[in-house]
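Enquirer: build me a model from this:
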Amino acid sequence: MAPRLTGGGNICDAMKLEVNGTTVELPPEATVEMLLAALDKADTPCAVERNGTLVPWKTRGGTALADGDRIEIVTLVGGG
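Expert: Residues are numbered from 1 along each chain as shown. Prediction:
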């Protein structure tokens with residue numbers, strides 16, 4: 001299920017998260033890995049912070065999200 005911005009209708013039993021300052025609704029069983037896939041960032045090198053704590057890459061699939069979580073996703077940029 002793709003994330004939805006609030007105001008575009010409600011998802012039954014959805015939880016609301018703040019992702020980089022934007023409110024997003026996801027199903028209650030969502031994980032960090034599912035969120036990244038829904039945002040088309042599953043294959044993008046990035047750092048994910050959940051409520052101020054870094055989520056290690058290896059644990060993203062098992063890190064459940066909860067209603068009211070604050071998520072920051074920072075993509076890595078290379079260059080010179």
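
Enquirer: C-alpha only now, for contacts and for neighbours.
Expert: Fine.

Enquirer: where does T23 land in three-state SS?
Expert: Secondary structure for T23, judged by DSSP: H, G, I helix; E, B strand; the rest coil, is strand.

Enquirer: what are the bridge partners for it, then?
Expert: E18 (DSSP bridges).

Enquirer: look up how far E72 lies from the residue positioned nearest the centre of the chain.
Expert: In the chain, the C-alpha nearest the mean C-alpha coordinate belongs to L35, at 4.0 Å (C-alpha atoms, centre = their mean). Separation of L35 from E72 (C-alpha to C-alpha, to the nearest Å) stands at 11 Å.

Enquirer: what of V32?
Expert: To E72, V32 is 11 Å away according to C-alpha to C-alpha.

Enquirer: so those two - more neighbours on which side?
Expert: V32 (22 against 18; other C-alpha atoms under 10 Å).

Enquirer: quick one, what contacts that one?
Expert: R60, G61, G62, T63, A64, L65 (C-alpha atoms under 8 Å, 6 or more residues apart in numbering).
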